[in-house]
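Asker: Have a look at this prediction, sequence included:
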Amino acid sequence: MKKFIFFILILTVCSCKKEDSKTTVTPNASSIEVDSIIYNSKSFEPHLKFNSELSEYELIKLANPESFTDLELSYPIHENDFEFDKTEDFKYYTPFSFDFEGVSYELIAYHSYGENDLKVVNIQLNSYLEGKQTDALLVDCRFTFETEYYREFTITKNGIITIEKVAIEGLNYNSAGDIVGKKTVKDTTAETVRYKMSAKGNFVKI
Amino acid sequence: MIWHILGAVSLFFNTVKTDKIVSNNSELILTNKTKLVSNKTKIATSSLIFKNKEIFNKLPIKKYEKLALFEPARDTIHKENSSNSLKEYREITASQKIDIITYRIFFNGSIEKHIPKVIAVGNENKYKYEYIAKEGKTLNLGSFKIHKTKTFKGSEDEYVNLINLEIVPKYFKQKNYQYHFNIDSRRSFVNEQTLASFFGAMLEVNYLDISCNGFSHKNGSSKPSRSHINGNNGDFKYLRSDKTLECGPGTSLNISKAPESLDYARQNKWNDALYKFGWKIMLGWTYTVKKTTKQLHHITHKTTNHHHHLHVQNYEPDFKEIKQ
């Protein structure tokens, strides 16, 4: 009898644990051939340094910082989900640029302020026709504000941009929203969006 | 127009210690280097502050000039002895006829919601807030529109009344009781109870540089955060030694980088006041003075990502609902 109760107890504990470690991950965007990639998150990795004490990313090994113009500060951006505004407090860097079907593209990296002035790293793809900006797309936005947010992006030679938005939940909350502890196993969710670079230099969601 | 000008100017509020005494209780006073601006108790909302940078640039105030609000020394506040007991105040206020749902915030940290039998036409969607001071004085803090909102992550028939901090006067002063705050976030909604606690805490400390970094969105959510739902939990900037009240991106005091700018004595009193009026758990950062690392009141440990703000939660006020 004692053995049976012990078995039931173990079974109950295991069931609870399983529920707590529930992980929802959408399938990874792709099995993209490496030689078809123009630029991706992995290419940018050497420019990111994580400060574990402050839980913030720093931009490193980037040259020629430039100040945003007023027009650049207010330029609308696709996929700016959290509506963090650019600020003149931070300069931007241009680690990569390329041409595609007659349109020029520049990848820019910069910090912005998020909630409570936490430091956010943004990577933005700008398109230009005859020197004039035609569109902007936020391909990465990474920060931790209770939840850890980041994006994995890939720009491929067929003109497709794939952005996988990842959110990692490491805290437990009660019904009032109070933080009540850390998860033993973090929950990860992801959402993928795709854009096509058009001949007019616009980013068209597909 | 004066609202706009004040909104722009209050972006750059600096509280400067001075021997001068404010002669008019409800005025904004500038230092001797500056001009006088007055608008009784109406101070522009934070959204106006955000939107009026351009107007500020056009103001005839030079860069070195500072706006100042005068904060009475702590010792001069609440000095009067109370002649009546709290029980007597409760009885007096309870017998008063009201025609609007009224929150009474008592100096001792307790909060009462009084619901009249009959609510006057026009008051159906408004709540009034009163502060009952130690001397028995009742301070009218205003009546505010409530937004009945489906409780975020609640059951199907569960609702919460949210109030936008943007519509709450940012400055208040009556004799020795005063506050001045801004809301520096899009998450600008508190709920009907937490607004009472916020008022109570502000009138406990009488500070003029409270900057709220957000509670909830209009629908009760708090994205990108998950802990600020339904107006329960809030974030506040750490208080600065120079008592400046700033607003806008990058204005939070980072006590990891600049611990010397933290006014830890005032911060501790503010934490105590927030605790007294309901928020029983706080998350924050440590500060180091003369190579000694200390913790602020009610903060038991250093929490990642809280070097730029104080987080208050576990809202459990001393609350009573009274139906007339």
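Answerer: Yep, that arrived.

Asker: Model confidence for the closest residue in space to B:N254 that isn't next to it in sequence, exactly?
Answerer: Excluding its sequence neighbours, the residue lying closest to B:N254 (CB to CB, 6 or more residues apart in numbering or on different chains) is B:H308, at 5.0 Å. No exception for glycine: its C-beta is placed from N, CA and C like everyone else's. B:H308 is assigned 95 on the pLDDT scale.

Asker: do the same with A:D187
Answerer: 96.

Asker: Next one: the residue nearest to it when sequence neighbours are not counted from A:Y195, what distance?
Answerer: Computed as CB to CB, 6+ apart, the closest residue to A:D187 that is not its neighbour in sequence is A:E169, at 4.2 Å. Taking CB to CB, to the nearest Å as the criterion, A:E169 is separated from A:Y195 by 26 Å.

Asker: which of those two has more neighbours?
Answerer: A:Y195 (23 against 17; other CB atoms under 10 Å in any protein chain shown).

Asker: show me where chain A has helices.
Answerer: Using DSSP state H, the helices of chain A run over residues A:2-20, A:41-44, A:70-74.

Asker: what pairs with the residue nearest to A:D187 across the strands?
Answerer: A:T147, A:D187 (DSSP bridges).

Asker: what do you get for A:L48?
Answerer: A:L48 has these beta-bridge partners by DSSP bridges: A:L59.

Asker: and it, what is it in contact with?
Answerer: Counting by CB atoms under 8 Å, 6 or more residues apart in numbering or on different chains, A:L48 touches A:57-60, A:121, A:142.

Asker: tell me the SS of B:A94?
Answerer: Look at B:A94: counting by DSSP: H, G, I helix; E, B strand; the rest coil, its state is helix.

Asker: right, and the pair among the contacts of A:L48 with maximum separation?
Answerer: Maximum pairwise distance among the contacts of A:L48 (CB to CB): 14.1 Å, between A:I60 and A:R142.

Asker: Excluding covalently adjacent residues, which one is nearest to A:F100?
Answerer: Leaving out its chain neighbours, the residue that sits closest to A:F100 by CB to CB, 6+ apart is A:M197, at 5.7 Å.

Asker: Report how many residues lie close to that neighbour.
Answerer: The burial count for A:M197: 24, using other CB under 10 Å.

Asker: For it, give its distance to A:Y92.
Answerer: 21 Å.

Asker: can you count the residues close to the residue nearest to B:N254?
Answerer: Residues near B:H308, counting by other CB under 10 Å: 26.

Asker: do A:A136 as well
Answerer: Counted with other CB under 10 Å, the neighbours of A:A136 add up to 19.

Asker: State the pLDDT value of it.
Answerer: Confidence score, pLDDT, at A:A136: 98.

Asker: give me the beta-bridge partners of it?
Answerer: A:N126.

Asker: That one reaches A:S74, doesn't it?
Answerer: No. Using CB atoms under 8 Å, A:A136 is not in contact with A:S74, being 11.0 Å away.

Asker: quick revisit: looking at A:I60 and A:R142, which has the bigger crowd around it?
Answerer: A:R142 (18 against 9).

Asker: Report pLDDT for that one.
Answerer: For A:R142, the model assigns a pLDDT of 96.

Asker: so who does it touch?
Answerer: By CB under 8 Å, 6+ apart, the residues touching A:R142 are A:48, A:57, A:120-121, A:149-151.

Asker: No further queries at this time; thank you.
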